[in-house]
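K.L.:
Quick one: sequence plus predicted model below, questions after.
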2 protein chains.
Amino acid sequence: MIRLFIPHDLTAGAELALDEAQSRYLAAVMRLAPGDELSVFNGRHGEWRAAVAKVGKRAVSVALTAQARPQASGSDLELVIAVVKRGRLETIVEKAAELGAARVRPVFTERTNADRVRVERLAAIATEAAEQTGRLDVPEICEPVKLEKLVAGWPEGRRLLFCDEAGDAAPALAALRGQPEGPWSILIGPEGGFSAKEREMLRALPYATPAGLGPRILRADTAAISAMTLWQAALGDWGPGEGRS
Amino acid sequence: MIRLFIPHDLTAGAELALDEAQSRYLAAVMRLAPGDELSVFNGRHGEWRAAVAKVGKRAVSVALTAQARPQASGSDLELVIAVVKRGRLETIVEKAAELGAARVRPVFTERTNADRVRVERLAAIATEAAEQTGRLDVPEICEPVKLEKLVAGWPEGRRLLFCDEAGDAAPALAALRGQPEGPWSILIGPEGGFSAKEREMLRALPYATPAGLGPRILRADTAAISAMTLWQAALGDWGPGEGRS
């Protein structure tokens, strides 16, 4: 079943005109005809069954039939990721969507190769991955920010899982055991690692928990996927995990 | 530090001629000169420090100086993966190397799109990833086999974590809790899922543990990385995890 993220309000009986890109996709790529079924969601009003109402090459409209799932608020999990090469960053955004992150925030660190970050392109990847993974919202892609600036404005009550491959941190799963569920960020450094100064700064933060990700060197995409997986298993919606027991 | 996997026996003082590809890499790409240091491993004799001895464009030799790490046997973790599109299969092999799998075994299932599997190409990816991740061996890439044939010849004593997204299986971390450490395989199905017949067959295997990977639909590469991560955290070398506690 095709799932589309659309901006419209979703109410019973509404007939909604899709934008040109989605219209082309349904008409020209998927070759849907009037009456064919799909699902739509907007991040606010749950998931709705819909049927194709009108088909033009660049203008397709759909009529909402019934709500299939009510909106549920996902975990407030943020992935803070040092900017890495474009292809890997795109993979990381796709995986963050699949693994239930609410937000992906690229950061510049001392050892980041400051590539340009294409926020719009990443947002499109997040949307497509959200459509395919079946979630009811789309992860937000933030404008990149410097690590020190992010830390300077850290919100009250948010915890930070700081993946520290250079250190003697406890394994991530053990580090997450018994931690509170509330809002969390996971921080993944650049492939060259954090500088000594950054590690010292991060280790001193009262809201930060350092965590190890095994004995091998991981690429940034692997580290991000593994850390999000362990967080979901321990504290998120993959439970009941040990963080809750 | 450059790390190379080489086939030679490794003994103190040996001077070893590298093959043409590795010679070109060191001479033309990395521009190493006599005396420059690197590390080598062969999967049998640990990791050795070495120094470049002779440099020709297509013929570089290295002299072993001292053993840096003794050979250690990793976990006997096998990833059994339904054949997926080439790019994703390559990613999965890279990640299996980073996450400590001993072996990757592609399988054909009912819903597999039977693409050709380039075993040699995958083995090269496994080697490169093993060099970069710092492990002392290279995961073996097996010839693809049909799922039912694999099950028919299943080795005594090997457990199977069967990732069953369609079912009501316990979450993977809970499913792994208290399980024995010995040899394990993780089975990841094709993106269309297992057929009802396959699920029934798999669920009836006495050595199989079904496991869920959260409420969202995961692509095969994400499922493979997440399952290997949870296995390493619970039973492998990312511990002490809860499987051991």
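P.N.:
Perfect, thanks for sending it.
K.L.:
measure residue A:88 to chain B for me?
P.N.:
Per CB to the nearest CB, to the nearest Å, residue A:88 is found 10 Å from chain B. Where you see a C-beta, it was placed from the backbone N, CA and C, and this is true even at glycine.
K.L.:
how about the helix or strand hosting that residue: buried residues?
P.N.:
If you go by DSSP states H and E, residue A:88 is part of helix A:86-98. Across helix A:86-98, burial judged by 16 or more other CB atoms under 10 Å in any protein chain shown covers A:88-98.
K.L.:
Could you tell me how far it lies from the centre of the chain?
P.N.:
Relative to the chain's own centre, helix A:86-98 is displaced by 8 Å; criterion: CA atoms, centre = their mean, to the nearest Å.
K.L.:
elements contacting it?
P.N.:
strand A:77-82, strand A:103-108, helix A:119-133, helix A:220-234, helix B:220-234 (3 or more CB pairs under 8 Å, 6 or more residues apart in numbering or on different chains; DSSP states H and E).
K.L.:
any chance of these in JSON lines, plus mean pLDDT, mean neighbour count and distance to residue B:72?
P.N.:
Converted to JSON lines, the helices and strands packed on helix A:86-98 look like this (pLDDT from 0 to 100; neighbours: other CB atoms under 10 Å in any protein chain shown; distance: least, CB to CB, whole Å):
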{"stretch": "strand A:77-82", "mean pLDDT": "98", "mean neighbour count": "24", "distance to residue B:72": "30"}
{"stretch": "strand A:103-108", "mean pLDDT": "97", "mean neighbour count": "21", "distance to residue B:72": "35"}
{"stretch": "helix A:119-133", "mean pLDDT": "97", "mean neighbour count": "18", "distance to residue B:72": "37"}
{"stretch": "helix A:220-234", "mean pLDDT": "97", "mean neighbour count": "28", "distance to residue B:72": "21"}
{"stretch": "helix B:220-234", "mean pLDDT": "97", "mean neighbour count": "28", "distance to residue B:72": "15"}
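K.L.:
so which of those gets nearest residue B:206?
P.N.:
Closest of the helices and strands packed on helix A:86-98 to residue B:206 is helix B:220-234, at 19.5 Å (criterion: CB to CB).
K.L.:
so where's chain A shaky on pLDDT?
P.N.:
A:114, A:167, A:240-245 (pLDDT under 70).
K.L.:
and it, which residues reach chain B?
P.N.:
A:91, A:94-95, A:98-100, A:132-135, A:171-174, A:177, A:212-219, A:222, A:225-226, A:229-230, A:232-234, A:236-242 (CB under 8 Å from any CB of the partner chain).
K.L.:
Now for residue A:64: which residues touch it?
P.N.:
Residues near residue A:64 by CB atoms under 8 Å, 6 or more residues apart in numbering or on different chains: A:10-16, A:40, A:48-50.
K.L.:
correction: residue A:136
P.N.:
So residue A:136 contacts A:41, A:43, A:46-47, A:69, A:71-72, A:74 (CB under 8 Å, 6+ apart).
K.L.:
Show me how chain A divides into domains.
P.N.:
A:3-69, A:77-234 (automatic domain parsing).
K.L.:
In CSV: these, plus distance to residue B:124.
P.N.:
Output for these, formatted as CSV (distance: least, CB to CB, whole Å):
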stretch, distance to residue B:124
domain A:3-69, 35
domain A:77-234, 17
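K.L.:
Tell me which of the ones you listed sits most buried.
P.N.:
With neighbours taken as mean count of other CB atoms under 10 Å in any protein chain shown, those reach their highest mean count in domain A:77-234, at a mean of 19.
K.L.:
For it, what is the distance to the chain centroid?
P.N.:
Using CA atoms, centre = their mean, the offset of domain A:77-234 from its chain centre is 10 Å.
K.L.:
Setting aside sequence neighbours, what's the nearest residue to residue A:10?
P.N.:
residue A:45 (4.0 Å; CB to CB, 6 or more residues apart in numbering or on different chains).
K.L.:
To clarify, my last question referred to residue A:232.
P.N.:
Nearest one to residue A:232, counting by CB to CB, 6+ apart, is residue A:238 at 4.0 Å.
K.L.:
Can you tell me how far the closest residue to residue A:106 other than its chain neighbours is from residue A:228?
P.N.:
Closest residue to residue A:106 apart from its sequence neighbours, by CB to CB, 6+ apart: residue A:144 at 4.0 Å. Using CB to CB, to the nearest Å, residue A:144 is found at 19 Å from residue A:228.
K.L.:
Kindly report the same for residue A:122.
P.N.:
16 Å.
K.L.:
all strands for chain A, in order.
P.N.:
A:3-5, A:15-17, A:37-41, A:47-55, A:60-69, A:77-82, A:103-108, A:140-141, A:145-146, A:159-163, A:184-188, A:208-211 (DSSP state E).
K.L.:
Not counting the third one itself, show me its contacts.
P.N.:
In other words, strand A:37-41. Residues from elsewhere that reach strand A:37-41 (CB under 8 Å, 6+ apart): A:1-6, A:10, A:16, A:26, A:32, A:47-52, A:62, A:64, A:68, A:136-137.
K.L.:
go on, the last one?
P.N.:
Contacts with strand A:208-211, where a contact means CB under 8 Å, 6+ apart, come from A:159-164, A:167, A:169-172, A:175-176, A:179, A:202-203, A:227.
K.L.:
which ones are touching the nearest residue to residue A:168 once chain neighbours are set aside?
P.N.:
Nearest residue to residue A:168, sequence neighbours excluded (CB to CB, 6+ apart): residue A:212, at 7.7 Å. With contact taken as CB under 8 Å, 6+ apart, residue A:212 is in contact with A:163-165, A:167-172, A:175, B:238.
K.L.:
Specify the beta-bridge partners of residue A:212.
P.N.:
residue A:171 (DSSP bridges).
K.L.:
ok, it to residue B:103 distance?
P.N.:
25 Å.
K.L.:
how far does stretch A:163-182 stretch from start to finish?
P.N.:
19 Å (CA to CA, to the nearest Å).
K.L.:
sorry, back to before: ok, of the contacts of residue A:212, which one's closest to residue B:108?
P.N.:
Nearest member of those to residue B:108, counting by CB to CB, is residue B:238, at 30.7 Å.
K.L.:
didn't that closest one look like it was pressed against residue B:232?
P.N.:
Yes - with contact defined as CB atoms under 8 Å, residue B:238 reaches residue B:232; the gap is 4.0 Å.
K.L.:
what do the two both touch?
P.N.:
Between them, residue B:238 and residue B:232 share the contacting residues residue A:214, judged by CB under 8 Å, 6+ apart.
K.L.:
now residue A:103: how far from residue B:56?
P.N.:
In terms of CB to CB, residue A:103 sits 53 Å off from residue B:56.
K.L.:
With residue A:211 instead?
P.N.:
46 Å.
K.L.:
cool, and residue A:137?
P.N.:
Distance from residue A:137 to residue B:56, by CB to CB: 59 Å.
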